[in-house]
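In: got a sequence here, can you build the structure:
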Amino acid sequence: MSDSDDISEFGFIVDRISRGEVPIKNIERELICPSCKELFTHPLILPCQHSVCHKCAKELLLSREDANNDVDSEFSNPTTPVSSPRARRLSSASVERLDRLTRTGSAAHPGWKRTIHSQGVTTFPCPSCKRDIDLGERGISGLFRNFTLEAIVERYRQAARAAVAIMCNLCKSPPSEATKSCMDCKASYCNECFKLHHPWGTPKAQHEYGGPTTNFRPKVLMCPEHEMEKVTMYCEVCKRPVCHLCKLGGSHANHKVTSMSSAYKILKEKLSKSIGYLISKEDQVKTQIFQLEHMIDQTERNGEKSRMDATNLMDKLCSILEQRKMKLIKSIEDSRTSKLERLHCQMDEYQGMLENSGLVGYAQEVLKETDQSCFVQTAKQLHTRIRMATESLKTFQPAAEPSFTEFTLDASREEELLKELSFTNVPDAPIIDQKHSWLYDEGIICWQQPGGTPPADHYKLEYRKLDQGGDCVWQTTEDVSGTSTVISNLDTNSSYLFRVKGCKNSTYSDYSKEVTFHTPLAPIFRFLFDANCGYNSDHLILNKQRDSVESVAGFPLLLGAERIMAGSYMSLDFITGDTGITKGKYYWAFRVDASSYLVKVGVVSDAKLQEWFHSPRDINSPRYDHDSGHDSGSEDIALEHSQPFTFVTIGMRKFFIPKSPSTSCTDSCDRYLSMPNQIGICLDYDKGKVSFHDGENMQCLYERRVECSGTMYPAFGLMGGGGVHLEELVITKDLVS
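Out: Sure thing, here's the model as predicted:
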């Protein structure tokens, strides 16, 4: 979109507002002061870019001090009538103290931020963002007045009181309704009076005028730090207008500034684009508003349902407790009655042992019997009873224990359960396992529950592409029962954000911490190690899958060990991929064993391979040391011109950057990096470029041109102990799993 198109679009938006298509009453929430909750009055722009009324800024300075010192009775008197936030005014003494505070900073308070110039209070919290605003040496007088917001508020006031017209200030009685207001003359005119006092060809004809208003702002915005200077520049660091003195020797001397016209154009274009974007998304906003209304309705209904469910459940628990209570109490009552009956019987028996009562009294009467046969008949049974009573007396044992310990309730476990009674436990947020997650041919994302907590019933993985435009929305996978999933169809050379949440008993956890992964720079080049072309089985061990190769000494080397002591050289053993590249751009990754002594990785043309693999090889000859300069040319020479091969050296846990012709011997310490866990190579055949990367974050470690002729193959050279392992394809590993 061109500059003229942007400005035209902005004008179209303004026309919509002026025609009433966007009613000014709809923006009321933007015109309310966050402190007093009323329409702005002489708003000031704070350093955090929020606005606040001039008087509210003064009140904020004083109210915090009054709250700390507790000296202002007007704010603490509960009998003071308050009709609105504005109705709470300061006393004359407070106002005098406030003016003294804002002018000289004399009202010091412990803990307040101070400047080197003043010992007074210089900060107060922004009502919108709650950040502490440092007013500096000049206090409130150092803040800009927001004239644009003030004008919009005035237009809103006029729209609110449309029945009250602004009258011409120059008409004779009765005055006509004003149609224009002159910002230079600070007066309102009807059409006739405006023509009369602003005739063509006079300086007044050049005055700035607009619609009728009672709010006349200054024609020129002056610098608050240098009151006699106009603001002519815009500080890009502080995001505020400044004058030339501020730039020459003031607080903005070292800041980057731009002209006011340039800042005006840039900010206006940005604003027009932003407004245009919002207007173009009006249908989307309405859809989202409908969704929010539906969610509000669902929230109300679901909240009421949850309240009723909780109430019913608690009532049910109370009913169970009541039933259990009645059963336990009945058991205690039955036991008490039984024990009392037995004890009363026993007590009656012992009462009979007393003289002249019960058994003893009866026995005494029997002893009075003189008839021998009758006495014997009665005394035998009586004697048995007396003997039993005597034995009972000697071994006294109560018929029942008064203790009720068997009915002691241990409700500690139930108490703990009741104390912990809560809603369904929300599962802990999962943690994405960055060590086992990566993006290659596809993306595999793994996660785990923190602290050994039990897994959720299922998980949902969400991801989105990091786009500067901010238009990419979160995409959601299907429910995942395990702790990993594969993501397909990701764009190459892109960064993606991933997050996951768990669900247990229909309750979702919070999202995990968002993690960023970068996709490979180009499509993945799939190949395996070639066991036929140049492969030396004496020195290299290739696994069955042909995706891993290790370097060993080999039997011929051991046989020639006595000659090695004479100072002969060892050669690199090369192995290539079984598939080559003839066009396009591709990427592949691999891992090098940390214990590797020397490994060379890169690309080579088929012609160069023929030269290397079909030449005589002698393990003891220095001519075949690829770094000696005796074969096809050393790497140092190869760097001067584009060659049909390129290699970098890896070994001893280091990544060595090839030496350029301009590199001095003192630069050797800058030629190596720590060996990455994963190394990636990207070959652009069409542009003749090859680059080496850290495979985990796609950081470029080294890049250079290469002569792409014929077929280019991935190539690896190993010397001494070491190993290279091709990165396993995600889709292959997923199928195996």
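
In: same for the strand of greatest length in the chain, what does it pack against?
Out: In terms of residue count, the longest strand belonging to the chain (DSSP state E) is strand 495-504. Applying 3 or more Cβ pairs under 8 Å, 6 or more residues apart in numbering; DSSP states H and E, we find strand 495-504 packed against strand 431-432, strand 443-448, strand 458-465, strand 515-518. C-beta coordinates here come from the backbone N, C-alpha and C atoms, glycine included.

In: and among these, the most buried is which?
Out: The highest average neighbour count among the helices and strands packed on strand 495-504, using mean count of other Cβ atoms under 10 Å, belongs to strand 443-448 at a mean of 21.

In: hey, C-alpha coordinates of it in PDB?
Out: Extracted in PDB, the C-alpha atoms of strand 443-448 (Å, rounded to 0.1, in the frame of the first residue of the first chain):
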ATOM      1  CA  GLY A 443       7.600 -32.800  14.500                       C
ATOM      2  CA  ILE A 444       7.500 -35.000  17.600                       C
ATOM      3  CA  ILE A 445       6.600 -33.300  20.900                       C
ATOM      4  CA  CYS A 446       7.000 -35.100  24.200                       C
ATOM      5  CA  TRP A 447       5.800 -34.100  27.700                       C
ATOM      6  CA  GLN A 448       5.600 -35.400  31.200                       C
END
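
In: got the angle for it vs strand 495-504?
Out: 40 degrees (axes from the mean of the first three to the mean of the last three Cα atoms, to 10 degrees).

In: hang on, the earlier thing: the longest strand of the chain pairs with which strands?
Out: Partners of strand 495-504 in the sheet, by DSSP bridges, are strand 458-465 (antiparallel), strand 507-508 (antiparallel), strand 515-518 (antiparallel).

In: CA-only coordinates of the last one in CSV, if you can.
Out: It refers to strand 515-518. Output in CSV follows, covering the C-alpha atoms of strand 515-518 (Å, rounded to 0.1, in the frame of the first residue of the first chain):
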residue,chain,number,x,y,z
VAL,A,515,8.2,-23.8,24.1
THR,A,516,9.7,-22.7,20.8
PHE,A,517,11.1,-25.0,18.2
HIS,A,518,12.6,-24.2,14.8
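
In: which residues touch that strand?
Out: Strand 515-518 has contacts (Cβ atoms under 8 Å, 6 or more residues apart in numbering) with 432, 434, 437-439, 443, 466, 493-499, 697-698.

In: in PyMOL, how would I select just the buried ones from these?
Out: Burial among the contacts of strand 515-518 is assessed by 16 or more other Cβ atoms under 10 Å; the matching PyMOL selection reads:
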select buried, resi 432+437+438+439+443+494+496+498+499+698
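
In: tell me the one of the contacts of strand 515-518 nearest residue 141?
Out: Nearest to residue 141 among the contacts of strand 515-518, counting by Cβ to Cβ, is residue 466 at 44.1 Å.

In: nearest residue to the closest one other than its sequence neighbours?
Out: Using Cβ to Cβ, 6 or more residues apart in numbering and skipping the chain neighbours, the partner closest in space to residue 466 is residue 495 (4.3 Å).

In: residues contacting that neighbour?
Out: Neighbouring residues of residue 495 by Cβ under 8 Å, 6+ apart: 465-466, 516-519.

In: ok, those residues vs residue 659, which is closest?
Out: Of all those, residue 659 sits closest to residue 518, with 29.1 Å by Cβ to Cβ.

In: please name the bridge partners of the closest one.
Out: So, taking DSSP bridges as the rule, residue 518 has residue 495 as bridge partners.

In: what's the answer for residue 590, then?
Out: As for beta bridges, residue 590 partners with residue 679, residue 726 under DSSP bridges.

In: give me the neighbour count for it.
Out: Residues contacting residue 590 under the criterion other Cβ atoms under 10 Å number 20.

In: residue 715 is in contact with that one, correct?
Out: No - assessed by Cβ atoms under 8 Å, residue 590 is found out of contact with residue 715, at 11.8 Å.

In: which neighbours do those two have in common?
Out: With Cβ under 8 Å, 6+ apart, residue 590 and residue 715 have common neighbours residue 601.

In: point out where the stretch 201-350 of the chain drops to low pLDDT.
Out: Scanning the stretch 201-350 of the chain for pLDDT under 70 picks out 216-220.

In: same check on the stretch 451-600 of the chain?
Out: In the stretch 451-600 of the chain, residues with pLDDT under 70: 467-471, 534, 554-570.

In: and the helices in it?
Out: Remark: helices assigned in the stretch 451-600 of the chain by DSSP state H, counting those that start in this stretch are 555-559, 561-564.

In: next: the stretch 301-450 of the chain.
Out: So, for the stretch 301-450 of the chain - with DSSP H, counting those that start in this stretch - the helices run 358-366, 372-394, 412-419.

In: right, and those - which one's nearest residue 181?
Out: Using Cβ to Cβ, the nearest of the helices of the stretch 301-450 of the chain to residue 181 is helix 412-419, at 70.4 Å.

In: can I get that closest one in CSV, CA atoms only?
Out: Output of helix 412-419 as CSV, limited to C-alpha atoms (Å, rounded to 0.1, in the frame of the first residue of the first chain):
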residue,chain,number,x,y,z
SER,A,412,-9.4,-38.1,62.5
ARG,A,413,-9.3,-39.6,59.1
GLU,A,414,-12.8,-38.4,58.2
GLU,A,415,-11.9,-35.0,59.6
GLU,A,416,-8.9,-34.8,57.3
LEU,A,417,-11.0,-36.0,54.4
LEU,A,418,-13.6,-33.3,55.2
LYS,A,419,-11.0,-30.7,55.5
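
In: how far does it sit from the chain's center?
Out: 37 Å (Cα atoms, centre = their mean, to the nearest Å).

In: now stretch 685-696: buried residues?
Out: For stretch 685-696, by 16+ other Cβ under 10 Å, it's 685, 689-696.

In: hmm, which two among these are most spread apart?
Out: Farthest-apart pair in the buried residues of stretch 685-696 is 685 and 696; separation 25.1 Å (Cβ to Cβ).

In: nearest to residue 171, out of the helices and strands packed on strand 495-504?
Out: Among the helices and strands packed on strand 495-504, the nearest to residue 171 by Cβ to Cβ is strand 458-465 (63.4 Å).

In: and the strand or helix carrying residue 268, what does it pack against?
Out: Assigned by DSSP states H and E, residue 268 belongs to helix 260-280. For helix 260-280, the contact count by 3+ Cβ pairs under 8 Å, 6+ apart identifies helix 3-18, strand 233-235 as packing neighbours.

In: and if we set it to 10 Å?
Out: Helices and strands touching helix 260-280, by 3 or more Cβ pairs under 10 Å, 6 or more residues apart in numbering; DSSP states H and E, are helix 3-18, strand 233-235, strand 240-242, strand 257-259, helix 282-351.

In: per-residue confidence for the closest residue to residue 430 other than its chain neighbours?
Out: Counting by Cβ to Cβ, 6+ apart, residue 430 lies nearest to residue 447, which is 4.4 Å off, once chain neighbours are set aside. Looking at residue 447, its pLDDT is 93.

In: and residue 447, what does it touch?
Out: Contacts were defined as Cβ atoms under 10 Å, 6 or more residues apart in numbering; by that measure residue 447 touches 429-434, 436-437, 459, 461, 480, 482-485, 498-502, 512, 515.

In: mind running it again at 8 Å?
Out: 430-433, 437, 459, 483-484, 500, 512.

In: ok so, going back, then the helix holding residue 268 to PDB, C-alphas only?
Out: Taking C-alpha atoms only, helix 260-280 is exported to PDB below (Å, rounded to 0.1, in the frame of the first residue of the first chain):
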ATOM      1  CA  MET A 260       8.100  16.300  13.800                       C
ATOM      2  CA  SER A 261       6.800  16.000  10.200                       C
ATOM      3  CA  SER A 262       8.400  12.600   9.800                       C
ATOM      4  CA  ALA A 263       7.100  11.400  13.100                       C
ATOM      5  CA  TYR A 264       3.600  12.700  12.200                       C
ATOM      6  CA  LYS A 265       3.600  10.900   8.900                       C
ATOM      7  CA  ILE A 266       4.900   7.600  10.400                       C
ATOM      8  CA  LEU A 267       2.500   7.600  13.300                       C
ATOM      9  CA  LYS A 268      -0.400   8.600  11.200                       C
ATOM     10  CA  GLU A 269       0.300   5.900   8.700                       C
ATOM     11  CA  LYS A 270       0.600   3.300  11.500                       C
ATOM     12  CA  LEU A 271      -2.600   4.500  13.100                       C
ATOM     13  CA  SER A 272      -4.500   4.500   9.800                       C
ATOM     14  CA  LYS A 273      -3.300   0.900   9.100                       C
ATOM     15  CA  SER A 274      -4.300  -0.200  12.600                       C
ATOM     16  CA  ILE A 275      -7.700   1.400  12.400                       C
ATOM     17  CA  GLY A 276      -8.200   0.000   8.900                       C
ATOM     18  CA  TYR A 277      -7.200  -3.500  10.100                       C
ATOM     19  CA  LEU A 278      -9.700  -3.300  13.000                       C
ATOM     20  CA  ILE A 279     -12.500  -2.000  10.700                       C
ATOM     21  CA  SER A 280     -11.800  -4.800   8.200                       C
END
